[in-house]
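A.B. asks: have a look at this prediction, sequence included:
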Amino acid sequence: MYVCGITPYDATHLGHANTYLAFDLAYRVWRDAGHEVHYTQNATDVDDPLLERAQATGTPWQDLAEREIDLFRSDMEALRILPPREYVGVTEVVDQIAELIGRLTERGATYVLDGDVYFSVSAAPKFGAVSGYSEETMIELFAERGGDPARPGKRHPLDWLLWRAERPGEPSWPSPFGPGRPGWHVECTAIALRNLGTGFDVSGGGSDLIFPHHEMGACEGHVATGEWPFARAYVHAGMVGLDGAKMSKSKGNLVFVSRLRETADPMAVRLALLAHHYRDDWEWTPDQLTEAEARLARWRAAVARPAGPDAAPVLAGVR
């Protein structure tokens, strides 16, 4: 199982927690059923939002990423969300990402525009298979979610960036394409291929990753290896809203896990999130935490009572 991780430029909010809790539940069920689960999660520890926040706050980008990753892991631990087998930072695998871009280039799937390397959507015969979206919808979402459909010189609006040539003031790494840094989608593709190979069981994340991220990553994996599917199932958690809009760092309408757990039992936060189906979009309100705290108190009172009949047969039946 591969679950797309955070871009660590701000604290963990409830939208993050909702996503990782959904996959924690799957992880626990599989393990309880006796399966060995190879679970990998990345951290996008170099990306435009991170660099912009670092510049705005006068913080070295590496320090900002390290601080927020540490806070994220502390928040996950507090919520009893099991860690994956591997956390992999993008900066740890830049060489492997460059190697993957080289394989895509050998297959005629890339071109260069002003020093930037792009994937040509015309080289992806399975493009659209993950999302099922129309081209019009894809272009609209691509523009909203970090893409550049209107960039002059591109062969197609949906061609996407694989390698960003070095810009003044930005971190860069050497590569066969010149100094620069990876694009977003190819990072996860390279990490998943390195750790899990192709045809792994689950690729997961929030529903906002259906397109472009998972669509484009699947196509990169297919073109690079010739194997399909890249992942057998794409599983997406719903979005958590606040004040009528999706909770997101860019909008600033966030409820931070670290602040909630200063005054609330983390297990009540976990229970409040679990009250919703993992695929549903829903709106957070403080009343939900109050209800979860009351429910948790009732459960704890119940299990504190003298033991009744042996529960082992019931558990065996559930399993």
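C.D. replies: Good, I have the coordinates. Numbers count the residues shown, from 1 in each chain.
A.B. asks: gap between residue 73 and residue 84?
C.D. replies: Taking Cβ to Cβ, to the nearest Å as the measure, residue 73 falls 11 Å from residue 84. (Each C-beta comes from the backbone N, C-alpha and C, glycine too.)
A.B. asks: who has more neighbours out of these two?
C.D. replies: Ranked by neighbour count (other Cβ atoms under 10 Å), residue 73 and residue 84 place residue 84 first, with 23 against 15.
A.B. asks: wait, isn't that one in contact with residue 3?
C.D. replies: Yes. Using Cβ atoms under 8 Å, residue 84 is in contact with residue 3, at 7.2 Å.
A.B. asks: need the overlap of contacts for these two.
C.D. replies: Counting by Cβ atoms under 8 Å, 6 or more residues apart in numbering, the residues touching both residue 84 and residue 3 are 39-41.
A.B. asks: can I get the residues you listed in JSON lines including distance to residue 263 and secondary structure?
C.D. replies: Below are these laid out as JSON lines (distance: Cβ to Cβ, whole Å; DSSP: H, G, I helix; E, B strand; the rest coil):
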{"residue": "39", "distance to residue 263": "31", "secondary structure": "coil"}
{"residue": "40", "distance to residue 263": "34", "secondary structure": "strand"}
{"residue": "41", "distance to residue 263": "28", "secondary structure": "strand"}
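A.B. asks: quick one: which of those is the most crowded by neighbours?
C.D. replies: When neighbours are taken as other Cβ under 10 Å, the top entry among the shared contacts of residue 84 and residue 3 is residue 41 (24 neighbours).
A.B. asks: need the contact list for that residue.
C.D. replies: Counting by Cβ under 8 Å, 6+ apart, residue 41 makes contact with 2-5, 84, 86-88.
A.B. asks: among those, which two are most distant?
C.D. replies: Spanning the widest gap among those are 4 and 86, at 13.6 Å by Cβ to Cβ.
A.B. asks: more neighbours, these two?
C.D. replies: Using other Cβ under 10 Å, the more surrounded residue of residue 4 and residue 86 is residue 4, with 23 against 15.
A.B. asks: tell me the secondary structure at the residue lying closest to the more buried one once chain neighbours are set aside.
C.D. replies: Excluding the flanking residues, the one nearest residue 4 by Cβ to Cβ, 6 or more residues apart in numbering is residue 205, at 3.9 Å. Under DSSP: H, G, I helix; E, B strand; the rest coil, residue 205 falls in the strand class.
A.B. asks: burial measure for residue 205, as a count.
C.D. replies: Each residue near residue 205 was counted by other Cβ under 10 Å, and the total is 23.
A.B. asks: report pLDDT for it.
C.D. replies: With respect to pLDDT, residue 205 has a value of 99.
A.B. asks: please list all residues in contact with it.
C.D. replies: Contact analysis of residue 205 by Cβ under 8 Å, 6+ apart lists 3-4, 19, 213-214, 236-237.
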